[in-house]
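>>> next input, structure requested:
(chains A and B)
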Protein chains: 2
Amino acid sequence: MSLQLPEKSVELGSARSVMRELFEYGKKRAAAVGAENVYDFSLGNPSVEPPAQVDECIRALLDAPQAASLHAYTSAQGDAGCRAAIAASLNRRFAAGAGADDLYLTVGAAASLTITFHALCCPGDEVLLLAPFFAEYRVFVEGAGAMPVVVPPHAPDFEPDAEAVRTALTPRTKAVVINSPNNPSGVVFSRETLEKLAAVLREKAAEYGHPIFLVTDEPYRELVFAGREAPWVPALYADTIVCYSYSKALSIPGERIGYIFVPQSAAEHDRVYAAVCGAGRKLGFVNAPALFQRVAAACDGVTVDVGIYERNAAFLCDALTALGFDCIPPQGTFYLFMKSPVPDAAAFCEKAKEFDLLLVPADSFSCPGWVRIAFCVPAEQLQRSLPAFEKLAQAFGLQK
Amino acid sequence: MSLQLPEKSVELGSARSVMRELFEYGKKRAAAVGAENVYDFSLGNPSVEPPAQVDECIRALLDAPQAASLHAYTSAQGDAGCRAAIAASLNRRFAAGAGADDLYLTVGAAASLTITFHALCCPGDEVLLLAPFFAEYRVFVEGAGAMPVVVPPHAPDFEPDAEAVRTALTPRTKAVVINSPNNPSGVVFSRETLEKLAAVLREKAAEYGHPIFLVTDEPYRELVFAGREAPWVPALYADTIVCYSYSKALSIPGERIGYIFVPQSAAEHDRVYAAVCGAGRKLGFVNAPALFQRVAAACDGVTVDVGIYERNAAFLCDALTALGFDCIPPQGTFYLFMKSPVPDAAAFCEKAKEFDLLLVPADSFSCPGWVRIAFCVPAEQLQRSLPAFEKLAQAFGLQK
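Modelled structure (predicted):
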């Protein structure tokens, strides 16, 4: 008997993402030596508790008289009342001009992205990914039958370089993906950067005679530190599609709830929105989880205590810099981007595992030589990890 | 400016499924004439309340000390403890021989199916669909790049016809999909039928030199009426993949929670399971909703009051038969299959809309001339609908 399977699926299932691999390793290692002795900075699994409103909202929903229909199917694009509530919140916060029928609720950011790519991309289309970028973008773009095209990282500020984007654009470019606040760099793209990028896209779209969509992946939108702003992208570029998730703002990444926002300004809005609905249907999403649709609608704009992440960022950045490491001070998110002291960041992270420090080499973010540290962990874990970081610094001969 | 989009996605999003279309029509009509005057039998959106355990379980989880990690990411295939608990339940109930690593938790039955098809199917592969079948199977199979091959319905018992399956099998057949208890026919496939089917599949797999998977879609597994049994399919055929959802057993279809079970008996178990994980990753599922993973683990084997559906089935079947309609007595599920009194079932259902009766023509189930009535509605709505059914019978000149 021989069995032919789609090798891409087998391969994706056998080789987990580097983060997931480390996450699983960390769980096993914790079982072996005790959770308190493993410094797992691998996954963006926030330790900060959800805002009290989340569980309060769930209890209120369970107690409400309409509780019988609470767990029922909703419309495929999401409950109309929930979509209207989220639209109203976006309008209050960003003057988004959003209506309920511009929103499609999803099972989180990954679903927002896969649905968007399946909605937009025809065979042969190219999608620009600006390094450093979340490694799964490549999987999602290829899964939709399109071709990822990587724009190299722009160190040391790690803001997108509009001229590098211009060079990478071709008549086959269907979309450009941005992610700000950025995973893994912790950088929040400036308004000036986004305006330059928008200008290039407008110019090239006019030249090619077809729109180029700006797909903005924004799970970290609310995690912005003092002195920075994360501009509302659709206000800067008409053909924007917002892919959102409540995972990080509400510390509920396991619940898988987010949305796609197709602004009225986007080219052929109705046809694009229909394609989003069709792609969601084809991929088997049916409707976003019903209970958490209500939680999202009630809590849109509510945010975890960002100060906790901001303090972690400052503490870790200062401590690692003092140890001789070269860090990008985080402007948002809960990631610190650190230069590997040796060119091979994977080797550096392997060495770190000897001290039970789980760090992610940024090779999988298409940014070799850098390392991602997810500091969404308790502050005391950060403090306890410093001796391990010190040993790591010594192992690479760094100056204190 | 011209914009090329994947026309299939646009089309799927523009033309909703017939059921979803009727569901949306029913909501609009209810707003116009009052919900009590619309007899919506279109969608399998159960009115029977979830078992008390569901909300009790959620409250207990919110109150528990580990509540902080309740909404966190889980492993991609599902929380290991939840998978172990579900495996133990399947072993108690079906002697399934299941282990935690044979289960992959999903966002409901549609996701179970799309992930399975993306895990199994290579370009050019064929998947047999046994009419009548849930219309979206076709969308899911095509979405995975495979070719749906329809085996015609076997009236009037609507059990799969093993010899018709034999005729439809080719060396390119990767899988055969069955669904028992069946949507839309309400039939529960007998053990004898399944054994015959298994024998044909074994024979042809040996002839072709590669396994043929039996994908069994089982959201209605627990909704079986007195005097029938729904056999545990993996015990009858080794190369079975079970696609399950808790939507109907627990009346929580909006919450999107289910699983894929790859039994150890299945050909190349580990590679198939890896392909399932990889397909889920590629499609953007990340992990099944965390809170409801716990609910599923705690409630596996708990079932809504099936007696309510059984009484509805008997009442409706008797009443419609008395009006002169030709019905298949439901053996499970909450669907009644009725022969259209005219060959054009769509025309019949259009006529029914004049009496605010929303019925689904079974053309979209690849079973022309028949009609699906979803009787998962309050019993008093069934009673109140009878005058409308009587007018419908009269409109078609049926004998009382």
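>>> contacts, neighbours, all on C-alpha from now
Will do.
>>> ranges for the helices of chain A?
A:7-14, A:18-33, A:52-63, A:80-94, A:109-120, A:136-143, A:162-168, A:191-208, A:269-283, A:290-299, A:306-322, A:345-353, A:379-395 (DSSP state H).
>>> now do the same contact list for A:Pro231.
A:190-191 (C-alpha atoms under 8 Å, 6 or more residues apart in numbering or on different chains).
>>> and it, how far from A:Ala96?
Separation of A:Pro231 from A:Ala96 (C-alpha to C-alpha, to the nearest Å) stands at 12 Å.
>>> re the thing from before, can you put the helices of chain A in a markdown table and add mean pLDDT?
Shown next, in a markdown table, are the helices of chain A (pLDDT from 0 to 100):
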| stretch | mean pLDDT |
| --- | --- |
| helix A:7-14 | 91 |
| helix A:18-33 | 86 |
| helix A:52-63 | 95 |
| helix A:80-94 | 98 |
| helix A:109-120 | 98 |
| helix A:136-143 | 96 |
| helix A:162-168 | 98 |
| helix A:191-208 | 98 |
| helix A:269-283 | 97 |
| helix A:290-299 | 98 |
| helix A:306-322 | 97 |
| helix A:345-353 | 97 |
| helix A:379-395 | 96 |
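>>> most tightly surrounded among these?
helix A:109-120 (a mean of 27; mean count of other C-alpha atoms under 10 Å in any protein chain shown).
>>> how far off centre is that one?
Taking C-alpha atoms, centre = their mean, to the nearest Å, one finds the center of helix A:109-120 at 13 Å from the center of the full chain.
>>> residues contacting the residue sitting furthest away from the middle of chain A?
If you look at how far each residue of chain A sits from its centre, by C-alpha atoms, centre = their mean, the farthest one is A:Met1, at 42.5 Å. Contacts here follow C-alpha under 8 Å, 6+ apart; on that basis A:Met1 touches B:206, B:209-211.
>>> now do A:Ala313
Neighbour list for A:Ala313: A:329-330, A:334-336, A:375 [criterion: C-alpha under 8 Å, 6+ apart].
>>> now, those residues that are in strands?
Counting by DSSP state E, those place A:335-336 in strands.
>>> got the contacts of A:Ala313 as TSV, with neighbour count, pLDDT and distance to chain B columns?
TSV is the format used below for these (neighbours: other C-alpha atoms under 10 Å in any protein chain shown; pLDDT from 0 to 100; distance: C-alpha to the nearest C-alpha, whole Å):
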residue	neighbour count	pLDDT	distance to chain B
A:Pro329	19	97	26
A:Pro330	26	98	23
A:Phe334	31	96	15
A:Tyr335	30	97	17
A:Leu336	27	98	20
A:Phe375	26	95	15
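>>> which among the contacts of A:Ala313 gets closest to A:Arg92?
A:Phe334 (26.1 Å; C-alpha to C-alpha).
>>> got the contact list for A:Gln293?
Taking C-alpha under 8 Å, 6+ apart as the test, what A:Gln293 contacts is A:78-79, A:82, A:105, A:257.
>>> for stretch A:349-368, buried residues please.
By neighbour count with 16 or more other C-alpha atoms under 10 Å in any protein chain shown, stretch A:349-368 contains the buried residues A:349-353, A:355-368.
>>> in strands, which of the residues you listed fall?
Reading strands off the buried residues of stretch A:349-368 with DSSP E, I get A:357-358, A:360-361.
>>> need the contacts of A:Gln293 in a markdown table with distance to B:Tyr309, can you?
Shown next, in a markdown table, are those (distance: C-alpha to C-alpha, whole Å):
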| residue | distance to B:Tyr309 |
| --- | --- |
| A:Gly78 | 27 |
| A:Asp79 | 26 |
| A:Cys82 | 30 |
| A:Leu105 | 31 |
| A:Ile257 | 32 |
